[in-house]
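J.: I would like the atomic coordinates for the input below:
(chains A, B and C)
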Amino acid sequence: MPELPEVETVCRGLSARLVGRRLVRVEQRRPGLRLPFPEDMPARLTGRRVVAIGRRAKYILIHLDDGGVAILHLGMSGRLIIAEAPGAPPGRHDHVVLTTDDGAVVVFNDARRFGLMTLALEAELAAHPLLVGLGPEPLSPGFTPKALSARLAGRGSPIKAALLDQTVVAGLGNIYVSESLFHAGISPLRPAASVAGAGAGRLVPAIRRVLKAAIAAGGSSLRDYVQTSGELGYFQHRFAVYDRAGQPCPGCCCDVAETGGIRRLTQANRSSYYCPRRQD
DNA sequence: CGGCAAACCTGCGAGC
DNA sequence: TGCTCGCAGGTTTGCC
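T.: Just a heads-up that it's a prediction; the model follows:
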């Protein structure tokens, strides 16, 4: 799925086209995705004006003029595409279609249906069950080596698993964990607690740098992800290690035949990629 | 509580 | 060409 950079890119696309617009039509084409849609979702959205678009972790927050907030998650394969022409025949996995007063058509398409969409009240957002346990935003000032160290302390699980845990830091997924660990020179196998301190001092800026570069590139397009415009992101061309098993490490000078290049391993049922020479 | 596997669902590429 | 298998950016649940 879309991880933080992809979700952020989608939010920016939505923001540019939706803020200030009124939703004049809400079409719900199935009862729900990972969670059921609220029964009254179309009624609660229709006629509302969008006042802001926000993001928390991988959740998209559409703030409305009546104090309501639509919460969306793209799961693994979710897309939000903005078209300008109403009336196009619905695609195979188009689940929710929003039409604005100036003719934008926002389609929530999700082949695998791991995404979700629900409604909340602005006043209760901070305590919402989907958001309440989330860790710090990695691009916020509160995400410091000290703060990360505190959340890693006492954890015996591998740092790879800890960084995927959204209560440790919010918004990282399988791609950007591998990339960040590479740039910090830390093996995905290291026990999380051992990364507290000096390791966190390298990891925090590495995470920030990777995420910012990915956002600047419009995210990473592997299979499903596209921007709201339908354009692909292009950060995938800049991966140092992700999905590059057997290929040369960008930091090592040596012969791949000799070193084996980038390694892939399975942790917590997900693939990790790393350079054993530069990460320990 | 920690950690791992499986589940949710569909699509795609590889291999036979 | 067509089948089966394995794998995929996430999150939750259930079982040691």
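J.: CA atoms for contacts and neighbours, from now on please.
T.: Will do.
J.: May I ask you to confirm that residue A:265 belongs to a helix?
T.: No - checked against DSSP: H, G, I helix; E, B strand; the rest coil, residue A:265 lies outside a helix; its state is strand.
J.: Now do it against residue A:165, distance only.
T.: Per CA to CA, to the nearest Å, residue A:265 is found 18 Å from residue A:165.
J.: Settle it for me: which of those two has more neighbours?
T.: residue A:165 (16 against 13; other CA atoms under 10 Å).
J.: gap between the more buried one and residue A:100?
T.: Taking CA to CA, one finds residue A:165 at 36 Å from residue A:100.
J.: One more: residue A:23?
T.: Taking CA to CA, one finds residue A:23 at 4 Å from residue A:100.
J.: again, but for residue A:18
T.: On the measure of CA to CA, residue A:18 and residue A:100 end up 8 Å apart.
J.: For residue A:217, list the residues it contacts.
T.: Contact analysis of residue A:217 by CA atoms under 8 Å, 6 or more residues apart in numbering lists A:233-235.
J.: what's the closest of those to residue A:8?
T.: Closest approach between those and residue A:8, by CA to CA: residue A:233, at 11.8 Å.
J.: Residue A:220 is in contact with the closest one, correct?
T.: Yes - at 4.8 Å, residue A:233 counts as touching residue A:220 under the criterion of CA atoms under 8 Å.
J.: The two: who's more crowded?
T.: Higher neighbour count among residue A:233 and residue A:220: residue A:220, with 26 against 22, using other CA under 10 Å.
J.: Tell me the secondary structure of that one, please.
T.: coil.
J.: ok so, going back, mind picking the one among the contacts of residue A:217 that's closest to DNA strand C?
T.: residue A:233 (7.7 Å; CA to the nearest atom of the strand).
J.: that older thread, now tabulate the contacts of residue A:217 in JSON lines and tack on pLDDT, secondary structure and distance to residue A:63.
T.: Below are these laid out as JSON lines (pLDDT from 0 to 100; DSSP: H, G, I helix; E, B strand; the rest coil; distance: CA to CA, whole Å):
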{"residue": "A:233", "pLDDT": "95", "secondary structure": "coil", "distance to residue A:63": "26"}
{"residue": "A:234", "pLDDT": "95", "secondary structure": "coil", "distance to residue A:63": "29"}
{"residue": "A:235", "pLDDT": "96", "secondary structure": "helix", "distance to residue A:63": "29"}
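J.: Which secondary structure element is home to the nearest residue to residue A:38 once chain neighbours are set aside?
T.: Excluding the flanking residues, the one nearest residue A:38 by CA to CA, 6 or more residues apart in numbering is residue A:118, at 6.2 Å. Using DSSP states H and E, residue A:118 falls within strand A:116-121.
J.: Buried residues in that strand, which are they?
T.: A:116-120 (16 or more other CA atoms under 10 Å).
J.: and the host helix or strand of residue A:79 with strand A:116-121, angle?
T.: Per DSSP H and E: residue A:79 is located in strand A:78-83. With axes from the mean of the first three to the mean of the last three CA atoms, to 10 degrees as the basis, strand A:78-83 and strand A:116-121 are set at 80 degrees to each other.
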